[in-house]
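Student: structure for this input, please:
(one chain, ligands or ions: 1)
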Amino acid sequence: MHGIEGRVALVTGAGRGIGAAIARRLVAEGASVVVNDVDTEVVVAVAEELGPSVLGVGGSVADAEAAAAMVAAAEGHFGGLDILVNNAGLTRDAMVHRMSDEAWDAVIDVVLRGAFHLCRAAAPLLRRDAPHHRKVVNITSINGIYGTVANANYSSAKAGLIGLTKTLAREWGPKHINVNAVAPGFIAGTRLTAVRDEDTGLGIAAEVVDAIVQQIPIGRGGTPDDVAAVTAFLASSDADFLTGQVIELHGGLELIQVVG
Ligand SMILES: NC(=O)c1ccc[n+]([C@@H]2O[C@H](COP(=O)([O-])OP(=O)(O)OC[C@H]3O[C@@H](n4cnc5c(N)ncnc54)[C@H](O)[C@@H]3O)[C@@H](O)[C@H]2O)c1
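Tutor: Have a look, this model is predicted:
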(Lines give C-alpha, C1' and ligand atoms only; values in the text may rest on other atoms or scores of the structure.)
Protein backbone atom coordinates (compact mmCIF):
# COMPACT_ATOMS: atom_id res chain seq x y z
CA MET A 1 0.00 0.00 0.00
CA HIS A 2 1.20 3.53 -0.77
CA GLY A 3 1.75 6.27 1.74
CA ILE A 4 1.95 4.40 5.04
CA GLU A 5 5.73 3.95 5.12
CA GLY A 6 7.31 6.57 7.38
CA ARG A 7 3.97 7.75 8.80
CA VAL A 8 3.13 7.82 12.52
CA ALA A 9 -0.01 6.01 13.68
CA LEU A 10 -1.92 5.70 16.95
CA VAL A 11 -4.21 2.69 17.46
CA THR A 12 -6.43 2.49 20.56
CA GLY A 13 -7.53 -0.80 22.09
CA ALA A 14 -4.54 -2.46 20.45
CA GLY A 15 -3.63 -4.92 23.18
CA ARG A 16 -5.44 -7.81 21.48
CA GLY A 17 -7.91 -8.72 18.76
CA ILE A 18 -8.62 -6.33 15.89
CA GLY A 19 -6.54 -3.44 17.28
CA ALA A 20 -3.43 -5.59 17.62
CA ALA A 21 -3.92 -6.85 14.04
CA ILE A 22 -4.26 -3.26 12.77
CA ALA A 23 -1.07 -2.24 14.57
CA ARG A 24 0.77 -5.28 13.18
CA ARG A 25 -0.38 -4.44 9.64
CA LEU A 26 0.58 -0.76 9.89
CA VAL A 27 4.05 -1.75 11.14
CA ALA A 28 4.37 -4.20 8.23
CA GLU A 29 3.51 -1.31 5.89
CA GLY A 30 6.36 0.74 7.42
CA ALA A 31 4.60 2.97 9.96
CA SER A 32 5.76 3.84 13.46
CA VAL A 33 2.88 3.07 15.81
CA VAL A 34 1.75 4.08 19.28
CA VAL A 35 -0.37 1.21 20.58
CA ASN A 36 -2.75 1.98 23.42
CA ASP A 37 -4.89 -0.21 25.63
CA VAL A 38 -6.57 0.19 29.01
CA ASP A 39 -4.87 -3.12 29.81
CA THR A 40 -1.28 -1.86 30.11
CA GLU A 41 0.30 -5.29 30.51
CA VAL A 42 -1.03 -6.66 27.21
CA VAL A 43 -0.24 -3.53 25.23
CA VAL A 44 3.34 -3.43 26.48
CA ALA A 45 3.67 -7.07 25.37
CA VAL A 46 2.29 -6.18 21.91
CA ALA A 47 4.77 -3.30 21.64
CA GLU A 48 7.66 -5.58 22.60
CA GLU A 49 6.55 -8.19 20.07
CA LEU A 50 6.30 -5.63 17.23
CA GLY A 51 9.71 -4.06 17.86
CA PRO A 52 11.38 -0.65 18.08
CA SER A 53 8.96 1.19 15.76
CA VAL A 54 6.18 0.60 18.30
CA LEU A 55 5.52 2.31 21.62
CA GLY A 56 2.99 0.94 24.11
CA VAL A 57 0.95 3.44 26.14
CA GLY A 58 -1.55 2.28 28.76
CA GLY A 59 -4.65 4.28 29.65
CA SER A 60 -8.36 4.56 29.04
CA VAL A 61 -9.69 6.46 26.05
CA ALA A 62 -12.64 7.42 28.27
CA ASP A 63 -10.24 9.64 30.24
CA ALA A 64 -9.53 12.89 28.35
CA GLU A 65 -6.15 13.37 30.02
CA ALA A 66 -5.06 9.83 29.17
CA ALA A 67 -6.15 10.40 25.56
CA ALA A 68 -4.07 13.59 25.42
CA ALA A 69 -1.09 11.65 26.83
CA MET A 70 -1.36 9.08 24.00
CA VAL A 71 -1.21 11.85 21.41
CA ALA A 72 1.67 13.53 23.27
CA ALA A 73 3.52 10.19 23.23
CA ALA A 74 3.18 10.03 19.44
CA GLU A 75 4.65 13.50 19.08
CA GLY A 76 7.32 13.02 21.76
CA HIS A 77 8.50 9.63 20.53
CA PHE A 78 7.90 9.76 16.77
CA GLY A 79 7.60 13.50 16.04
CA GLY A 80 3.92 13.83 15.08
CA LEU A 81 0.78 11.94 14.09
CA ASP A 82 -0.54 11.01 10.64
CA ILE A 83 -2.99 8.14 11.22
CA LEU A 84 -5.47 7.81 14.12
CA VAL A 85 -7.40 4.54 14.49
CA ASN A 86 -10.19 4.64 17.08
CA ASN A 87 -10.65 0.94 17.79
CA ALA A 88 -11.11 0.61 21.58
CA GLY A 89 -14.44 -0.95 22.42
CA LEU A 90 -16.38 -3.21 24.75
CA THR A 91 -19.86 -4.65 25.17
CA ARG A 92 -22.18 -4.72 28.19
CA ASP A 93 -25.22 -6.43 26.75
CA ALA A 94 -28.75 -6.27 28.15
CA MET A 95 -32.24 -5.61 26.84
CA VAL A 96 -33.16 -1.92 27.20
CA HIS A 97 -35.76 -2.62 29.89
CA ARG A 98 -33.07 -4.29 32.00
CA MET A 99 -30.07 -2.09 31.17
CA SER A 100 -28.44 -0.18 34.04
CA ASP A 101 -27.18 3.38 33.73
CA GLU A 102 -23.73 2.01 34.47
CA ALA A 103 -23.84 -0.41 31.50
CA TRP A 104 -25.12 2.35 29.22
CA ASP A 105 -22.42 4.82 30.32
CA ALA A 106 -19.56 2.28 30.27
CA VAL A 107 -20.02 1.57 26.56
CA ILE A 108 -20.87 5.12 25.44
CA ASP A 109 -17.89 6.48 27.39
CA VAL A 110 -15.36 4.20 25.68
CA VAL A 111 -16.74 3.82 22.16
CA LEU A 112 -18.11 7.31 21.50
CA ARG A 113 -16.68 9.70 24.07
CA GLY A 114 -13.29 7.95 23.78
CA ALA A 115 -13.14 8.51 20.01
CA PHE A 116 -14.16 12.15 20.53
CA HIS A 117 -11.38 12.58 23.12
CA LEU A 118 -8.78 11.17 20.71
CA CYS A 119 -9.96 13.21 17.72
CA ARG A 120 -9.97 16.43 19.74
CA ALA A 121 -6.57 15.77 21.31
CA ALA A 122 -5.07 14.77 17.94
CA ALA A 123 -6.53 17.73 16.04
CA PRO A 124 -3.51 20.06 16.37
CA LEU A 125 -1.15 17.38 15.01
CA LEU A 126 -3.50 16.05 12.31
CA ARG A 127 -4.37 19.57 11.11
CA ARG A 128 -0.72 20.65 10.75
CA ASP A 129 0.20 21.50 7.17
CA ALA A 130 1.79 18.53 5.40
CA PRO A 131 2.53 17.42 1.83
CA HIS A 132 0.41 14.31 2.41
CA HIS A 133 -3.11 13.55 3.63
CA ARG A 134 -3.68 12.50 7.21
CA LYS A 135 -6.18 9.82 8.18
CA VAL A 136 -8.72 8.96 10.85
CA VAL A 137 -10.27 5.47 10.77
CA ASN A 138 -13.06 4.73 13.24
CA ILE A 139 -13.90 1.09 13.92
CA THR A 140 -17.69 1.05 14.21
CA SER A 141 -19.92 -2.02 13.71
CA ILE A 142 -22.77 -3.19 11.56
CA ASN A 143 -24.78 -2.97 14.79
CA GLY A 144 -24.42 0.81 14.54
CA ILE A 145 -26.15 0.67 11.15
CA TYR A 146 -28.74 -2.08 11.63
CA GLY A 147 -29.08 -2.36 15.43
CA THR A 148 -29.25 -5.64 17.24
CA VAL A 149 -31.05 -7.17 20.23
CA ALA A 150 -29.73 -6.63 23.76
CA ASN A 151 -27.15 -4.19 22.48
CA ALA A 152 -28.67 -0.66 22.56
CA ASN A 153 -25.73 0.92 24.38
CA TYR A 154 -23.22 -0.50 21.89
CA SER A 155 -25.36 0.02 18.78
CA SER A 156 -26.08 3.63 19.83
CA ALA A 157 -22.41 4.33 20.52
CA LYS A 158 -21.38 2.80 17.18
CA ALA A 159 -24.10 4.80 15.37
CA GLY A 160 -22.76 7.92 17.10
CA LEU A 161 -19.29 7.07 15.86
CA ILE A 162 -20.67 7.13 12.32
CA GLY A 163 -22.05 10.63 12.99
CA LEU A 164 -18.66 11.71 14.29
CA THR A 165 -16.99 10.23 11.20
CA LYS A 166 -19.23 12.03 8.73
CA THR A 167 -19.05 15.34 10.59
CA LEU A 168 -15.27 15.29 10.91
CA ALA A 169 -14.96 14.39 7.24
CA ARG A 170 -16.72 17.68 6.48
CA GLU A 171 -14.90 19.74 9.13
CA TRP A 172 -11.41 18.46 8.32
CA GLY A 173 -11.65 17.71 4.58
CA PRO A 174 -10.26 21.16 3.69
CA LYS A 175 -7.17 20.28 5.75
CA HIS A 176 -6.70 17.09 3.68
CA ILE A 177 -7.68 14.81 6.52
CA ASN A 178 -9.70 11.77 5.44
CA VAL A 179 -12.13 10.44 8.04
CA ASN A 180 -13.75 7.08 7.37
CA ALA A 181 -15.20 4.17 9.32
CA VAL A 182 -15.05 0.41 9.03
CA ALA A 183 -18.20 -1.45 10.14
CA PRO A 184 -17.25 -5.09 10.72
CA GLY A 185 -19.79 -7.86 11.04
CA PHE A 186 -18.88 -11.09 12.80
CA ILE A 187 -15.12 -11.15 13.34
CA ALA A 188 -14.32 -14.52 14.83
CA GLY A 189 -11.94 -15.34 17.63
CA THR A 190 -11.64 -12.01 19.42
CA ARG A 191 -12.60 -11.54 23.04
CA LEU A 192 -15.91 -10.00 21.90
CA THR A 193 -16.81 -13.08 19.86
CA ALA A 194 -15.17 -15.83 21.91
CA VAL A 195 -16.93 -19.16 22.00
CA ARG A 196 -18.50 -19.76 25.42
CA ASP A 197 -16.17 -21.02 28.12
CA GLU A 198 -18.20 -23.63 29.99
CA ASP A 199 -16.36 -22.87 33.25
CA THR A 200 -16.95 -19.10 33.32
CA GLY A 201 -20.14 -19.04 31.22
CA LEU A 202 -18.64 -16.12 29.28
CA GLY A 203 -18.82 -15.94 25.50
CA ILE A 204 -21.23 -17.03 22.79
CA ALA A 205 -22.65 -20.55 22.59
CA ALA A 206 -20.82 -22.60 19.94
CA GLU A 207 -24.09 -23.41 18.15
CA VAL A 208 -24.89 -19.69 17.88
CA VAL A 209 -21.45 -19.01 16.37
CA ASP A 210 -22.06 -21.85 13.87
CA ALA A 211 -25.50 -20.45 13.01
CA ILE A 212 -24.06 -16.99 12.36
CA VAL A 213 -21.24 -18.31 10.19
CA GLN A 214 -23.68 -20.44 8.18
CA GLN A 215 -25.57 -17.27 7.21
CA ILE A 216 -22.49 -15.50 5.86
CA PRO A 217 -22.52 -15.70 2.05
CA ILE A 218 -18.72 -15.70 1.81
CA GLY A 219 -18.71 -18.86 3.94
CA ARG A 220 -16.68 -17.90 7.00
CA GLY A 221 -16.45 -15.41 9.83
CA GLY A 222 -14.14 -12.43 9.38
CA THR A 223 -10.68 -12.27 10.92
CA PRO A 224 -8.88 -9.39 12.63
CA ASP A 225 -6.55 -9.36 9.60
CA ASP A 226 -9.57 -8.71 7.31
CA VAL A 227 -10.34 -5.57 9.32
CA ALA A 228 -6.65 -4.60 9.41
CA ALA A 229 -6.43 -4.80 5.60
CA VAL A 230 -9.37 -2.44 5.03
CA THR A 231 -8.11 -0.10 7.75
CA ALA A 232 -4.66 0.00 6.14
CA PHE A 233 -6.24 0.82 2.78
CA LEU A 234 -8.20 3.70 4.34
CA ALA A 235 -5.01 4.88 6.06
CA SER A 236 -3.03 4.80 2.82
CA SER A 237 -2.66 7.42 0.12
CA ASP A 238 -4.58 5.06 -2.20
CA ALA A 239 -7.69 6.31 -0.38
CA ASP A 240 -6.93 10.05 -0.56
CA PHE A 241 -10.21 10.81 -2.38
CA LEU A 242 -12.34 8.67 -0.04
CA THR A 243 -13.86 10.39 2.98
CA GLY A 244 -16.97 10.32 5.18
CA GLN A 245 -17.64 6.68 4.23
CA VAL A 246 -18.60 3.64 6.25
CA ILE A 247 -17.18 0.44 4.77
CA GLU A 248 -19.37 -2.53 5.76
CA LEU A 249 -17.16 -5.59 6.20
CA HIS A 250 -19.29 -8.65 6.87
CA GLY A 251 -18.80 -11.22 4.12
CA GLY A 252 -22.25 -10.38 2.80
CA LEU A 253 -24.19 -10.79 6.03
CA GLU A 254 -26.06 -7.59 6.81
CA LEU A 255 -28.10 -8.55 9.84
CA ILE A 256 -26.53 -10.30 12.78
CA GLN A 257 -28.83 -10.54 15.76
CA VAL A 258 -26.37 -11.69 18.36
CA VAL A 259 -22.95 -10.03 18.45
CA GLY A 260 -20.65 -7.58 16.75
N1 LIG B 1 -15.19 -8.83 17.05
C2 LIG B 1 -16.21 -8.43 16.29
O3 LIG B 1 -16.99 -9.24 15.76
C4 LIG B 1 -16.44 -6.95 16.07
C5 LIG B 1 -17.45 -6.60 15.17
C6 LIG B 1 -17.70 -5.25 14.94
C7 LIG B 1 -16.93 -4.28 15.57
N8 LIG B 1 -15.96 -4.66 16.43
C9 LIG B 1 -15.20 -3.58 17.08
O10 LIG B 1 -13.82 -3.77 16.87
C11 LIG B 1 -13.09 -3.19 17.95
C12 LIG B 1 -12.11 -4.22 18.51
O13 LIG B 1 -12.87 -5.32 19.03
P14 LIG B 1 -12.28 -6.78 19.27
O15 LIG B 1 -13.26 -7.72 18.72
O16 LIG B 1 -10.85 -6.84 18.83
O17 LIG B 1 -12.41 -6.85 20.87
P18 LIG B 1 -11.35 -7.15 22.02
O19 LIG B 1 -12.12 -7.14 23.28
O20 LIG B 1 -10.55 -8.36 21.66
O21 LIG B 1 -10.38 -5.87 21.94
C22 LIG B 1 -10.81 -4.60 22.37
C23 LIG B 1 -9.65 -3.95 23.11
O24 LIG B 1 -10.08 -2.64 23.55
C25 LIG B 1 -9.53 -2.44 24.86
N26 LIG B 1 -10.28 -1.43 25.58
C27 LIG B 1 -11.48 -1.57 26.20
N28 LIG B 1 -11.79 -0.44 26.83
C29 LIG B 1 -10.77 0.43 26.63
C30 LIG B 1 -10.52 1.76 27.04
N31 LIG B 1 -11.36 2.40 27.86
N32 LIG B 1 -9.38 2.37 26.62
C33 LIG B 1 -8.49 1.71 25.84
N34 LIG B 1 -8.68 0.43 25.43
C35 LIG B 1 -9.80 -0.19 25.82
C36 LIG B 1 -9.62 -3.81 25.50
O37 LIG B 1 -8.78 -3.93 26.64
C38 LIG B 1 -9.24 -4.74 24.36
O39 LIG B 1 -7.85 -5.03 24.34
C40 LIG B 1 -14.13 -2.72 18.96
O41 LIG B 1 -14.38 -1.35 18.79
C42 LIG B 1 -15.35 -3.52 18.58
O43 LIG B 1 -16.54 -2.88 18.98
C44 LIG B 1 -15.69 -5.97 16.71
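
Student: could you report the neighbour count for residue 68?
Tutor: Close neighbours of residue 68, defined as other CB atoms under 10 Å, add up to 16. The way it works is simple: take the backbone N, C-alpha and C, and place the C-beta from them, glycine included.

Student: give me the buried positions along the strand ranked longest in the chain.
Tutor: Across the chain, the longest stretch assigned as strand under DSSP state E is strand 177-184. For strand 177-184, a neighbour-count test (16 or more other CB atoms under 10 Å) marks 177, 178, 179, 180, 181, 182, 183, 184 as buried.

Student: on the three-state scheme, residue 148 is what?
Tutor: Three-state call for residue 148 (DSSP: H, G, I helix; E, B strand; the rest coil): coil.

Student: that one against residue 156, yeah?
Tutor: No. If you go by CB atoms under 8 Å, residue 148 and residue 156 don't touch, sitting 11.2 Å apart.

Student: so what's residue 47 up against?
Tutor: 35, 54, 55, 56 (CB atoms under 8 Å, 6 or more residues apart in numbering).

Student: what number of residues lie near the closest residue to residue 126 other than its chain neighbours?
Tutor: Closest residue to residue 126 apart from its sequence neighbours, by CB to CB, 6 or more residues apart in numbering: residue 134 at 4.7 Å. Residue 134 has 24 neighbours, counted by other CB under 10 Å.

Student: which non-adjacent residue is nearest the residue of the stretch 51-200 of the chain found nearest the ligand?
Tutor: Proximity of the stretch 51-200 of the chain to the ligand (CB to the nearest ligand atom) peaks at residue 89, 2.4 Å away. Leaving aside its sequence neighbours, residue 89 sits nearest to residue 111 (CB to CB, 6+ apart; 5.1 Å).

Student: right, and the one you found touches residue 158 too?
Tutor: Yes. Between residue 111 and residue 158 there is a contact under CB under 8 Å: 6.3 Å.
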